[in-house]
Structures are given as C-alpha cells and as structure tokens.
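Colleague: Quick one, what's the 3D model for this:
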Amino acid sequence: MRFRAAVLRSYDAPFAVEEVALSNGPAAGEILVEIAGCGMCRTDLAVRRSAGRTPLPAVLGHEGAGVVVASGDGTKGPDDPNHPASSDGAIGVGDHVVLSFDSCGACRNCRGAAPAYCDSFASLNLFGGRAEDVPRLTDATGGPLAPRWFGQSSFAQYALVPARNAVRVDPALPLEPLGPLGCGFLTGAGAVLNTFRAGPGDTLVVLGAGAVGLAAVMAATAAAVRTVAVDHHPGRLALAERYGAIPLPAGTAGRADRIRRLTGGGAQYALDTTASPALINDALHALRPTGTLGLVARLHTALALEPGTLDKGRSIRHICEGDAVPALLIPRLTSLWQAGRFPFDQLIRTYPLADINEAERDCEAGRVVKPVLLPERRER
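Modeller: Numbering: from 1, shown residues only. The predicted structure is shown next:
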C-alpha cells in the first residue's frame with residue numbers, strides 16, 4: 001500500500017512530504033486508519049533535540065484522528081449486524097477514532113489503569129516501537145523508515161496502529177480537530193480532572209498558556225476551579241482570560257505573593273508546562289499547605305529548589321499524559337466540548353499536510369497554539 005507522508009530524514013532537515021509504502025496490512029489487534037487530521041505537538045518537534053535517540057528517518061505525528069478502513073481481526077463495518085460495536089465494543093471498519101499513546105497492556109501499571117506509566121512507554125512511543133514494526137514502513141525506494149512513532153506515525157494519509165491506541169468517537173463530530181485530544185489537550189485537562197481531581201472551591205495556578213496550559217485552564221473552568229494563568233506573552237494571557245483564568249504576566253514582581261493573593265491565600269494545585277526553575281519555585285512558594293505541583297514539561301537541567309518550597313506538606317510530582325486512560329477521558333472531553341464547556345477547537349489552526357514546515361515554523365514562533373495537519377483524503 002502506498003500513500004503520502006511527511007518524513008523527517010535528519011534532525012536538522014525540513015520535513016519532506018513523499019510517497020511511503022506499507023508492506024503488510026493490519027495484523028491481529030491492529031487497525032488501519034485513514035487520517036483526517038493530526039495535531040502537531042512539541043514532543044514531535046523535540047525529536048530535533050533528542051541527541052540522536054529517536055531513530056530516523058521517520059514519520060512522526062501522534063495526535064491523529066480518522067476512520068478505520070481495515071482491521072486485522074476481520075471485523076465488519078458498522079452497518080453489519082456482526083459489527084463488534086454491537087457486542088464486545090471492539091473497534092471495527094468504519095468507526096471514527098482518536099489515536100492516543102501506545103502501551104503494552106500487560107505490565108502492572110497498564111493493568112492498574114495507568115497506561116501512561118507503562119513499563120515499556122519509552123520504547124513503544126519514543127525509541128523504536130515494537131520489534132515486529134521494524135520492516136513494515138519504507139520509502140518509495142524501499143529504504144526502511146523507523147518504527148511507528150507513539151504507535152501511530154500519523155503525519156500521513158494512513159496510520160497502522162494497535163487497536164489499543166484508538167478511542168471510538170461519535171461519528172457526528174467533525175474528525176479533523178479531534179486528534180489533539182489524544183495527547184496535548186488530554187495532558188492539560190487530565191492533570192486537572194484526573195491528577196488533581198480539582199473541583200468547586202479549589203484553586204489552581206497554570207504556568208505557561210500554550211496548548212497544554214490552555215487545556216488545563218478550560219478543564220478547570222469547566223470544573224468551577226479558580227485559576228491563575230502565568231505567561232510571558234500578552235496574546236496567550238488574553239486567551240487564558242477568555243477561557244476563565246485570571247491572567248498574570250510572568251514578569252510581575254513578587255509573583256508568588258501575587259498568586260497567593262489572587263487565589264485567596266494560596267493555590268491548592270499548580271501545573272507547570274514551562275520547565276522554568278524560577279517559575280516552578282515561585283509556584284511552590286505560592287501553594288497552600290499540602291498543595292501539589294505537577295510537572296508536565298521535560299526538565300533539561302537539574303532543578304534547584306529554594307529553601308521552604310516543600311515545607312508544610314507541599315509536594316511535587318511528574319504527570320505523564322494527564323494520568324489518563326484515553327478511552328475514559330477522551331469521551332468526557334468531547335462531551336464537554338459538545339456542551340460548550342471545553343472549546344479546544346478555538347485553539348486550532350489547520351494546514352494541509354504539504355505545509356507541515358510552515359506549521360512547524362508557526363508553532364515554534366508562537367503564532368499558533370495548536371497546528372493540525374490535514375492530509376489529502378480519498379473521495380467518499
């Protein structure tokens with residue numbers, strides 16, 4: 001099977017949209033998805049700074065959404081009375097799906113409803129995938145491409161994914177904007193709704209008003225949480241205020257004291273998306289006793305904590321993928337969206353897949369919160 005995909009051939013090269021070939025269709029437990037839209041996440045772009053740990057050349061992309069066109073389990077279409085949606089809930093041909101991260105499904109954490117902490121998370125999603133994926137995707141000359149990224153490699157017209165990665169969504173919803181619910185928006189909203197379990201009367205400070213931070217703001221507003229958003233960019237602060245947060249410029253003098261005043265004595269929760277040691281320390285100082293700071297941005301240097309930041313029962317922890325079980329959180333977020341309480345689509349700008357390099361430049365420059373790439377689709 002041949003189709004178009006965006007290939008990254010070296011860490012400092014632009015993406016090249018070219019023909020690739022899939023040597024085998026879906027095996028048992030796999031589905032082939034025609035991609036309607038795929039979000040561009042900063043994790044995709046961080047491959048350029050991965051110090052050679054991510055195999056190249058590769059097709060990246062891990063926020064895909066689309067339609068199942070084939071299944072290795074031989075499932076029928078949704079109009080067939082034997083379609084598994086009517087019996088065991090399995091995903092079949094014709095289903096609309098959002099694709100999320102890969103996990104083994106067998107380790108202690110996967111069995112404990114914590115797939116984001118899968119024992120094999122790094123190898124499955126970042127550094128090579130499953131061994132059986134190695135020879136299946138090639139370029140037009142037969143040259144091998146790296147195993148699928150995050151179980152997807154969805155900067156492409158088609159993606160071959162483990163059915164475990166896919167979450168069925170209402171076919172009445174527009175597919176193109178849904179992909180970022182599989183990672184970026186999942187992470188921010190999940191931190192609020194799953195990790196913190198924040199609700200009415202709670203207070204939150206969000207550091208960084210990018211895609212993850214603004215998703216956290218939206219989820220907090222939906223949960224009636226008083227939220228302060230901190231960012232350097234006036235435009236991002238204006239968005240945070242639009243979605244219910246109190247804006248606070250990052251350059252404000254006495255940030256910790258200001259956050260305490262704005263949250264009525266201190267925030268119960270803080271979410272950092274910046275990896276800035278100065279902001280992290282201020283957020284810890286601004287927490288109430290027993291407050292929690294969650295980190296979602298990857299730290300690239302040692303984090304020096306100031307004296308007193310962890311006094312009075314305060315804690316700090318890393319949060320991966322919003323502590324989400326995607327099959328549970330994604331339907332919750334689409335329901336909030338349909339109710340007008342999680343307007344994530346307003347953060348999206350779409351680009352044809354052919355314009356992937358423009359999308360990357362706009363993302364890196366902060367001109368867009370969440371780029372979504374639209375591959376050319378066959379006529380229906």
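
Colleague: helices or strands up against the host helix or strand of V69?
Modeller: Using DSSP states H and E, the element containing V69 is strand 64-71. Identification of packing neighbours for strand 64-71 by 3 or more Cβ pairs under 8 Å, 6 or more residues apart in numbering; DSSP states H and E yields strand 30-39, strand 96-99, strand 158-162. Glycine gets a C-beta too; all of them are placed from N, C-alpha and C.

Colleague: Keeping just the C-alphas, turn the shortest one into CSV.
Modeller: The C-alpha trace of strand 96-99 is given here as CSV (Å, rounded to 0.1, in the frame of the first residue of the first chain):
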residue,chain,number,x,y,z
HIS,A,96,-14.3,7.2,13.8
VAL,A,97,-11.4,7.2,16.2
VAL,A,98,-9.0,9.4,18.1
LEU,A,99,-5.5,7.9,18.4
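
Colleague: How about the contacts made by the residue lying closest to A156 once chain neighbours are set aside?
Modeller: Take A156 and drop its neighbours on the chain: the residue closest to it by Cβ to Cβ, 6 or more residues apart in numbering is A5, 3.5 Å away. By Cβ atoms under 8 Å, 6 or more residues apart in numbering, A5 lies in contact with 17-20, 59, 153, 155-157.

Colleague: three-state assignment of A5?
Modeller: At A5, secondary structure determined by DSSP: H, G, I helix; E, B strand; the rest coil is strand.

Colleague: From D355, how far out is it?
Modeller: Distance of A5 to D355, given as Cβ to Cβ, to the nearest Å: 14 Å.

Colleague: And for S335?
Modeller: 32 Å.

Colleague: Between these two, tell me which one has more neighbours.
Modeller: Legend: neighbour count by other Cβ atoms under 10 Å for S335 and D355, higher for D355 (17 against 12).

Colleague: Test of understanding: give the bridge partners of the residue nearest to A156.
Modeller: For A5, the beta-bridge partners under DSSP bridges are E18, A156.

Colleague: Could you do V98 as well?
Modeller: A65, V167.

Colleague: residues contacting the nearest residue to G25 once chain neighbours are set aside?
Modeller: Spatial nearest neighbour of G25, chain neighbours left out: A70 (5.7 Å); criterion: Cβ to Cβ, 6+ apart. Listed by Cβ under 8 Å, 6+ apart, the contact partners of A70 are 25-26, 31-32, 93.

Colleague: and if we set it to 10 Å?
Modeller: Contact analysis of A70 by Cβ atoms under 10 Å, 6 or more residues apart in numbering lists 1, 25-26, 30-34, 92-93, 158, 160.

Colleague: And G25, by the same measure?
Modeller: 1, 31-32, 69-72, 136, 160.

Colleague: So the residue nearest to A156 versus P331, what's the distance?
Modeller: 29 Å.

Colleague: Burial check on L303, number of neighbours?
Modeller: L303, neighbours per other Cβ under 10 Å, totals 13.

Colleague: What strand or helix carries V212?
Modeller: helix 211-222.

Colleague: can I assume V33 is in contact with G151?
Modeller: No. The pair V33 and G151 fails to qualify as a contact (Cβ atoms under 10 Å) at a distance of 11.1 Å.

Colleague: any common contacting residues for these two?
Modeller: Shared contacts of V33 and G151, counting by Cβ under 10 Å, 6+ apart, come down to 64, 99, 159-161, 165-166.

Colleague: What's the first helix or strand after the strand or helix carrying T227?
Modeller: Here T227 sits within strand 226-231, counting by DSSP H and E. Following strand 226-231 in sequence order, the next helix or strand is helix 234-242 (DSSP H and E).

Colleague: Neighbours of L186, how many?
Modeller: L186, neighbours per other Cβ under 10 Å, totals 28.

Colleague: Check the gap between it and E306 for me.
Modeller: Counting by Cβ to Cβ - L186 and E306 are separated by 32 Å.

Colleague: Tell me where the stretch 1-150 of the chain has helices.
Modeller: Ranges of helices in the stretch 1-150 of the chain, per DSSP state H, counting those that start in this stretch, are 42-45, 108-111, 121-125.

Colleague: Which one, of these, ends up nearest to V230?
Modeller: helix 42-45 (18.2 Å; Cβ to Cβ).

Colleague: if we can go back for a sec, closest to R317 among the contacts of A5?
Modeller: Distances from R317 to the contacts of A5, taken by Cβ to Cβ, are shortest for S153, at 30.4 Å.

Colleague: What count of nearby residues applies to the closest one?
Modeller: S153 has 30 nearby residues by other Cβ under 10 Å.
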